[in-house]
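Novice: Fold the stuff below for me.
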Amino acid sequence: MYEVFEELLKKYNITAYKVAKDTGISYSTFSDWKAGRSTPKQDKLKKIADYFCVSLEYLITGKDDIPAPSSELTRKDERDIAKDLNRIMEKLNSGDDGPVNFNGIEMSDETKALFRDELELMLRRLKLINKKQYNPNKNKSR
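Specialist: I've put the predicted structure just below:
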């Protein structure tokens with residue numbers, strides 16, 4: 001299982017520390033899994049699978065295609081994401097409210113590009129979560 005987790009970390013260019021922080025799973029838990037000192041519980045596996053938008057089966061066995069982040073997004077969704085991303089980045093780059101700083105140092109162009117990539121990933125995940133949560137047809141019987 002941990003090999004699949006590491007593959008997902010590489011694919012999305014995310015650290016285990018960030019996943020730990022975002023999911024509430026302690027970083028030491030990941031270390032224990034990697035070293036074989038403990039095995040993952042179902043609830044934690046579910047959090048990780050949801051975080052990466054993959055099935056539990058894929059996370060456990062590695063036998064499933066890793067879905068592209070936009071696999072369930074429509075053209076309209078893609079346009080909305082691009083529009084929001086551009087609007088946010090224009091505000092960031094224009095410096096209307098002052099320059100963007102980190103510890104008093106202005107963000108470099110490389111840092112801004114990394115920020116843009118992370119922001120796009122977040123907007124895609126948020127769009128998918130909202131589509132599942134607020135789908136008006138999800139509770140209809142078939």
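Novice: Low-confidence ranges, the protein, go.
Specialist: Within the chain, the stretches with pLDDT under 70 are 64-71, 95-104, 135-142.
Novice: let's see 90
Specialist: Where the chain drops to pLDDT under 90, the residues are 1-82, 84-142.
Novice: per the record, what domains does it have?
Specialist: The chain resolves into domains spanning 2-61, 75-133 when parsed by automatic domain parsing.
Novice: Of these, flag the one that's most buried.
Specialist: Scoring the domains of the chain by mean neighbour count under mean count of other C-beta atoms under 10 Å gives domain 2-61 as the most buried, with a mean of 15. C-beta coordinates here come from the backbone N, C-alpha and C atoms, glycine included.
Novice: Now do the contacts for residue 3.
Specialist: residue 62 (C-beta atoms under 8 Å, 6 or more residues apart in numbering).
Novice: no no, residue 14
Specialist: Here residue 14 is in contact with residue 8 (C-beta under 8 Å, 6+ apart).
Novice: and it, how far is that from residue 87?
Specialist: Distance, residue 14 to residue 87, using C-beta to C-beta, to the nearest Å: 25 Å.
Novice: what does residue 30 give?
Specialist: 35 Å.
Novice: Same question for residue 123.
Specialist: Taken as C-beta to C-beta, the span from residue 123 to residue 87 is 11 Å.
Novice: Just the helices from this structure, written as ranges.
Specialist: Counting by DSSP state H, one finds helices in the chain at the ranges 2-12, 16-23, 27-35, 42-52, 56-61, 75-94, 109-133.
Novice: Check whether residue 63 really touches residue 55, as I assumed.
Specialist: No - between residue 63 and residue 55 no contact is recorded; they are 9.7 Å apart, counting by C-beta atoms under 8 Å.
Novice: how close does the nearest residue to residue 62 once chain neighbours are set aside get to residue 132?
Specialist: Distances taken as C-beta to C-beta, 6 or more residues apart in numbering place residue 4 nearest to residue 62, at 4.5 Å, with adjacent residues excluded. In this view, residue 4 and residue 132 are 23 Å apart by C-beta to C-beta.
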